[in-house]
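Engineer: okay, here's the prediction I keep looking at, along with the sequence it came from:
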Amino acid sequence: MKTNISTTIIAGGKGSRLGRPKYDVYFQKKRLLDIALDLAKGLSEDISVVCGTMTCKLPEKVMMLKDITPNCGPIGGIFTALHHTKTQWLAVMPVDMPYLSKEVYDLLLQNIDKERPVVAVSKKGLEPLVSIWPKSSEDMIRKFIEKKKYSIRHCLKALQYEGIYIADLLVDPVNDYFFNINTKEDLL
């Protein structure tokens, strides 16, 4: 476990297609937030959850963060977590990808030698919420938010991110690491 890294779970989505916030949804008899917390514990001891403007029940030692700038999407959650982190690096994970694994983040961590975000790339493309961000990127994100530019992809491009093609490095024929829960049908 690295000591210069914090982990944050982006859990601020309203879950309008699911009928309740995603963090409170159960998948295979376990709450999505608890699945993400289990993964986060394997990455660092400094863990936070960005719940947007909502409140979610968290275990002791896990900090709940509310968006500094509400209603600007996931980029606001990343900005909030970077603002609060005291470490050099921040691992970001979404609450709605129950099959993510530590191995995915280990591959990202192997590439944090420069001051730029390292982002997973799946067969579907860039996965901005499966990423590791340097603390130094906070100011650039702040500028994007101040200009009401909420696209994580545009921000990543400006920060000259490094994409890691997970499908080429980590193959599991049974597990789709980037399976994303958005609708009730995804829970079946």
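Structural biologist: Everything's here; your move.
Engineer: look up how far residue 146 lies from the spatially most central residue of the chain.
Structural biologist: Nearest residue to the geometric centre of the chain (C-alpha atoms, centre = their mean): residue 93, 2.3 Å. Counting by C-beta to C-beta, to the nearest Å, the gap from residue 93 to residue 146 is 26 Å. Every residue, glycine included, has its C-beta placed from N, CA and C.
Engineer: where in the chain is pLDDT low?
Structural biologist: Within the chain, the segments meeting pLDDT under 70 span 1-2, 13-15, 53, 171, 173-174.
Engineer: ranges for the helices of it?
Structural biologist: Using DSSP state H, the helices of the chain run over residues 32-41, 74-84, 102-109, 138-146, 152-158, 166-169.
Engineer: look up how far residue 6 lies from residue 137.
Structural biologist: The gap separating residue 137 from residue 6 is 14 Å, by C-beta to C-beta.
Engineer: ok, the two, which is more surrounded?
Structural biologist: residue 6 (26 against 21; other C-beta atoms under 10 Å).
Engineer: count the neighbours of residue 160 for me.
Structural biologist: Residues lying near residue 160 (other C-beta under 10 Å) number 10.
Engineer: isn't it up against residue 115?
Structural biologist: No. Look at residue 160 against residue 115 with C-beta atoms under 8 Å: they stay out of range, at 9.5 Å.
Engineer: partner strands of the strand ranked longest in the chain, with direction?
Structural biologist: Looking across the chain with DSSP state E, the single longest strand is strand 125-134. Partner strands and pairing direction for strand 125-134 (DSSP bridges) are strand 89-94 (antiparallel), strand 118-122 (antiparallel).
Engineer: follow-up on the earlier one: so for residue 183, which of the helices of the chain sits nearest?
Structural biologist: Minimum separation from residue 183 across the helices of the chain (C-beta to C-beta) falls at helix 32-41, 13.5 Å.
Engineer: quick one: distance of that closest one to the chain centre.
Structural biologist: In terms of C-alpha atoms, centre = their mean, to the nearest Å, the centre of helix 32-41 is found 11 Å from the chain centre.
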